[in-house]
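S.K.: Sharing a model that was predicted from the sequence below.
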Amino acid sequence: MILRSPYPDVEAPGLSLHGLLFGGLPPADSVRTAIIDAVTGRRHSYGELVSAIDSVATALAARGMILGDVAALVAPNSADYAVVFHGVLRAGGVLTPANPLYGAGELAHEFRDSRTR
């Protein structure tokens, strides 16, 4: 059974998530704070965030990541989580987040199930 929303369909823009979030970033906004790590107080400006995301994406591509590859992120919440998350997407990958408290068997199951490369 197909359920339909009473609201009109949403038109998806023809942009990647990275392009949608950061593509129209005015230069003046590059110094504004984008993320604050609640534990350490460390801050990333939008410019630093975009640069770090691009660095992760470049490193993954250099290591052979191609469009559609699945990467697992096994890490606690931190400001760097967003960097790696968006870096994987920027490189054309798909991300499966995994609970860092999982045991080896649970991680193995998730990696097999998601076809993590």
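M.R.: Received, thanks.

S.K.: Quick check: longest helix in the chain by residues?
M.R.: Under DSSP state H, the helix in the chain containing the largest number of residues is helix 46-62.

S.K.: Quick one: mean pLDDT over that one.
M.R.: Across helix 46-62, pLDDT averages out at 97.

S.K.: Going by neighbour count, list what's buried in that helix.
M.R.: Using 16 or more other C-beta atoms under 10 Å as the test for burial, helix 46-62 gives 46-50, 52-54, 56-57, 60. All C-beta atoms are positioned from the backbone trio N, CA, C, and that covers glycine.

S.K.: Ok, stretch 106-113 next?
M.R.: For stretch 106-113, burial by neighbour count (16+ other C-beta under 10 Å) applies to 107, 110-111.

S.K.: What are the contacting residues of the helix or strand bottoming out on mean pLDDT in the chain?
M.R.: One helix or strand of the chain scores below all others by mean pLDDT, DSSP states H and E: helix 17-22, with a mean of 91. Identification of contacts with helix 17-22 by C-beta atoms under 8 Å, 6 or more residues apart in numbering yields 13, 46, 49-50, 53, 86, 89-90.

S.K.: again, only this time at 10 Å
M.R.: Outside of helix 17-22, the residues within contact range by C-beta atoms under 10 Å, 6 or more residues apart in numbering are 12-16, 23, 29-30, 34, 46-47, 49-50, 53-54, 57, 85-87, 89-91.

S.K.: Stretch 94-113 now?
M.R.: Contact with stretch 94-113 is made by 67-77, 81, 84-89, 114-117, as judged by C-beta under 10 Å, 6+ apart.

S.K.: end-to-end on that stretch?
M.R.: Start and end residues of stretch 94-113 are separated by 13 Å (C-alpha to C-alpha, to the nearest Å).
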